[in-house]
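J.: Below are the sequence and a predicted model for it; my questions follow.
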Amino acid sequence: MLQLITDIETVMWRDWVVLRRRLKKFILSRLVTPVLYLVAFGWGLGRSITPESGTYLDFLVPGIIALNTMNVSYISATTVHAEKIYHKSLENYLSAPIEPTAFVIGKILSAVIRSFISTGLILVIAAMFDAQLSFLFDVGRAAGFFAVIFLNSMIFASVGFCAAMYVKTFEELSQVNTYFLMPMSFLCGTFFSTSQLPDFVRFFIEILPLTHTSEMLRHGINFLSLIILILYAAVLIKISCKSFKNLADG
């Protein structure tokens, strides 16, 4: 177990060194989309929308954070595809004395770190837009909020890692985003409540992890939703580990 932790730290440290060199570019790139969403939906369209409680801006911010953690963690993990296909640097890990499981978990946790940095930026921007963020000063609610972000990031980092392992071209990788992530971006309670959807559509939408993430970021921890996210994370991490072990054995 101690060796596994050490190996995970090694993988994470390598990714942190890379991120630190590109930190300014990473921060600037992470600022663009949230600002556009807040201006277009929060200030623009949002002025004509009245949710059940609070303002639409307060409704929107958790949805943007859910959406952002999904995208950042997924994209961060899919860099493994470039290491495998184009840079051929993944072979160095395969030949290194590192447990395959440690490599997978290290890569996923590195994506989670990027997701948390991005979330922090969004919270700062949201405060500048006068969004209601008083829950951050409640230790219990804040802990639940960041626990949900952690789980959501783990889930979609695992999705990204699995995609990177199984697809063969960059075009195929982008199709995962088109057919899987993009529909969730708009339908899973990020910009409007899923209660407005037809029943037969809502049934499928409410199975998806981002729906549970959006709901809990707005209203606090829900035991059933929390269990669902934990199960998603556990299953996807297991699949990620298996896919990398298959690559190592092959």
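T.: Perfect, I can see it now.

J.: Was I right to think Thr164 contacts Tyr74?
T.: Just to correct that, residue 164 is Ala rather than Thr. No - counting by CB atoms under 8 Å, Ala164 stays clear of Tyr74, with 9.9 Å between them. All C-beta spots, glycine's among them, are computed from the backbone N, C-alpha and C.

J.: which neighbours do these two share?
T.: Taking CB atoms under 8 Å, 6 or more residues apart in numbering as the contact rule, Ala164 and Tyr74 touch no residue in common.

J.: lowest average confidence, helix or strand, in this structure?
T.: For the chain, counting by mean pLDDT, DSSP states H and E, helix 90-95 ranks last in confidence among helices and strands (a mean of 68).

J.: List of residues touching stretch 11-18?
T.: Contacts with stretch 11-18, where a contact means CB under 8 Å, 6+ apart, come from 93, 98, 102-103, 105-107, 109-110, 113.

J.: can you put those residues in JSON lines and add secondary structure and neighbour count?
T.: JSON lines is the format used below for the contacts of stretch 11-18 (DSSP: H, G, I helix; E, B strand; the rest coil; neighbours: other CB atoms under 10 Å):
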{"residue": "Tyr93", "secondary structure": "helix", "neighbour count": "21"}
{"residue": "Ile98", "secondary structure": "coil", "neighbour count": "19"}
{"residue": "Ala102", "secondary structure": "helix", "neighbour count": "21"}
{"residue": "Phe103", "secondary structure": "helix", "neighbour count": "25"}
{"residue": "Ile105", "secondary structure": "helix", "neighbour count": "24"}
{"residue": "Gly106", "secondary structure": "helix", "neighbour count": "23"}
{"residue": "Lys107", "secondary structure": "helix", "neighbour count": "28"}
{"residue": "Leu109", "secondary structure": "helix", "neighbour count": "18"}
{"residue": "Ser110", "secondary structure": "helix", "neighbour count": "24"}
{"residue": "Ile113", "secondary structure": "helix", "neighbour count": "17"}
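
J.: where's the dip in pLDDT among those?
T.: The member of the contacts of stretch 11-18 with the lowest pLDDT is Tyr93, at 69.

J.: where exactly do the helices run in the protein?
T.: Applying DSSP state H to the chain gives helices spanning 2-21, 23-37, 56-77, 79-85, 90-95, 100-128, 139-166, 170-176, 182-187, 199-205, 209-219, 223-249.

J.: I'd like to know which of these lies nearest to Ser193.
T.: Ser193 sits nearest to helix 56-77 of all the helices of the chain, at 8.2 Å, using CB to CB.

J.: Now Pro34: closest residue in space that isn't a chain neighbour?
T.: Ile122 (4.8 Å; CB to CB, 6 or more residues apart in numbering).

J.: so how far is Met165 from that neighbour?
T.: 29 Å (CB to CB, to the nearest Å).

J.: Looking at the two now, which is surrounded by more residues?
T.: Taking other CB atoms under 10 Å, Ile122 and Met165 do not tie; Ile122 has more neighbours (24 against 19).

J.: which ones are touching that one?
T.: With CB under 8 Å, 6+ apart, Ile122 has these contacts: 34, 61, 64-65, 68.

J.: Next one: the residue nearest to Met70 when sequence neighbours are not counted from Ala127, what distance?
T.: Closest residue to Met70 apart from its sequence neighbours, by CB to CB, 6+ apart: Phe156 at 4.7 Å. Phe156 is 25 Å from Ala127, where distance means CB to CB.

J.: Before I go, just wanted to say thanks for your time.
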